[in-house]
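K.L.:
Okay, predicted coordinates and the sequence, questions at the end:
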Amino acid sequence: MPELPEVEVVKESLSRTITGKKIKKVSIKNRNLRYKIKKGFETRLQSKSIKKVKRFSKYIILALNDEKFCLIHLGMSGTIHLLRKNILNQKTNASFYHSPYLPKKHNHVFLEFDNIKIIYNDPRRFGYFKLFENKNNLENFINNYGPEPFSSKFNLNYLKKYFYKKKKNIKNFLLDQKFVSGLGNIYASEILFSSKINPKKKAKSLSENDCINIIKYSRKILNLAIKKGGSSIRDFKNIVGKNGSFQDNFKVYNRENKSCLSPGCKGTIKKKFITNRSTFFCNICQK
DNA sequence: AAGAGGCCCTGATAGC
DNA sequence: TGCTATCAGGGCCTCT
C-alpha cells in the first residue's frame, strides 16, 4: 500500500504525538508478520522513550533514548492507529481508549504511552518490525537501498550511469528500490506520465531529457502527494483514520479507458501488466 | 549478473 | 446465496 508520501504522512503525525514519550507497555497479538517478531522485542522497547521519529524511503524509524532503533515497514496493507485516552471520571480515574476508525481485525502490535496508544494493523501481514542495536547497523541497512528522489545523489549523472546498457524497462527501474527508494506502483505510473515516457521503454534508450524529467517529476509529484496527505485508493489512512486526497490528482492510475489529461492529447489511458504489476499510461503522448 | 517470475497473506469484487 | 477467480499501494528469493 504505502509509498513514500503515505509513510511520510504517518511519520509526521507519529512524530507530533509520540516524540519524547516513554513506552509504558508493549503487547503483541500476532507475531507472524513478514518476519516473526522475536521474543525479546517487548522487553527491549519497554520503558524506552522516543527520541525522534524518522523516515527513510518507505520505512518509519523510531530512534530510542538508548541509542537503538525500531524500524517499521507497512508492507502492502499496514496502518498505524492512534488512540487517545478518554477520562470518564476524574475521581475514580475511570477511562477508556476509543477510536471509531480502528479496524476490528488484524491489530497486531500495541505500544502504550501515557494517555496514548498506537496500534499496528496489517491484514496481509507483509509489513514488519525490526530492531537495530546501534546507528551503524541501521546505516548498513539503509545503505542497501538507492537514494530517495529528493536526494542530491539522485541526479542526472547517477541516472545516466545506472541506465547504461540496461535492458530493463524504466517502469521496473522506478520500482527497483536499489535504484531509487520510496517509489511504488502508483507513483511510478504517475511520474512516467508527467515525464511523457512510455513505461516499457528500455532504460538504455532514455534521452538526457527523459532523465531530467524523471528527476524533476519524481520530486514534484511526491511533494504534492505529501501535501495532499497521501493517496487513499483502498485502505490507506493516517493515524487518526483520515484519508489522503492525492488520488483525486491521479492523471493515469486507475483511469483505464478515460481520456488523457495531457493538454491537446486525444489519447486514452491504457492498463497493461508489466511484470505482474498494473501499469497505466497514455500510448499516444508517452513515447 | 541482470532480469523475470513466484510467492508470502487477506479481503474486496466480479462473474457464474 | 455461494462458489471460484482475479486483483490490490511491497519486496524477497530463486531460477535462468
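P.N.:
Nice, thanks for sending it over. Small disclaimer: the values here were computed from a predicted structure and weren't measured. Numbering: from 1, shown residues only, chains lettered A, B, ... in the order given.
K.L.:
And the contacts of the helix or strand of chain A with the lowest mean pLDDT?
P.N.:
Least confident helix or strand of chain A, by mean pLDDT, DSSP states H and E, is strand A:94-98 with a mean of 82. If you take CB atoms under 8 Å, 6 or more residues apart in numbering as the criterion, strand A:94-98 is touched by A:L83, A:R84, A:K85, A:N86, A:I87, A:L88, A:K117. Heads up, the C-betas are built off the backbone N, CA and C, glycines and all.
K.L.:
switch the cut-off to 7 Å
P.N.:
A:L83, A:K85, A:N86, A:I87, A:L88, A:K117 (CB atoms under 7 Å, 6 or more residues apart in numbering).
K.L.:
what residues are up against the third one?
P.N.:
What it means is A:N86. Contact analysis of A:N86 by CB under 7 Å, 6+ apart lists A:S95, A:F96, A:H98.
K.L.:
where's the nearest residue to A:V180 once chain neighbours are set aside, which helix or strand?
P.N.:
In space, and not counting its chain neighbours, A:V180 is closest to A:G146: 4.9 Å by CB to CB, 6 or more residues apart in numbering. Using DSSP states H and E, A:G146 sits within no helix or strand.
K.L.:
Now for A:G146, how many residues are close by?
P.N.:
Using other CB atoms under 10 Å, A:G146 is surrounded by 20 other residues.
K.L.:
Contact partners for it?
P.N.:
By CB under 7 Å, 6+ apart, the contact list for A:G146 reads A:Q177, A:K178, A:F179, A:V180, A:S181.
K.L.:
Just the buried residues out of those, in PyMOL syntax.
P.N.:
Here is the PyMOL selection string for the buried members of these, based on 16 or more other CB atoms under 10 Å:
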select buried, chain A and resi 179+180+181
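K.L.:
quick one: the helices in the stretch 51-200 of chain A?
P.N.:
Applying DSSP state H, counting those that start in this stretch to the stretch 51-200 of chain A gives helices spanning A:135-142, A:156-163, A:170-175, A:185-194.
K.L.:
The longest helix along chain A vs helix A:185-194, what angle?
P.N.:
The single longest helix within chain A, with elements called by DSSP state H, is helix A:208-227. Note on geometry: by axes from the mean of the first three to the mean of the last three CA atoms, to 10 degrees, helix A:208-227 and helix A:185-194 are set 130 degrees apart in direction.
K.L.:
is any part of the next helix or strand after helix A:208-227 close to DNA strand B?
P.N.:
On the C-terminal side of helix A:208-227, the nearest following helix or strand under DSSP H and E is strand A:269-274. No: using CB under 7 Å from any atom of the strand, strand A:269-274 stays clear of DNA strand B, with a minimum separation of 8.3 Å.
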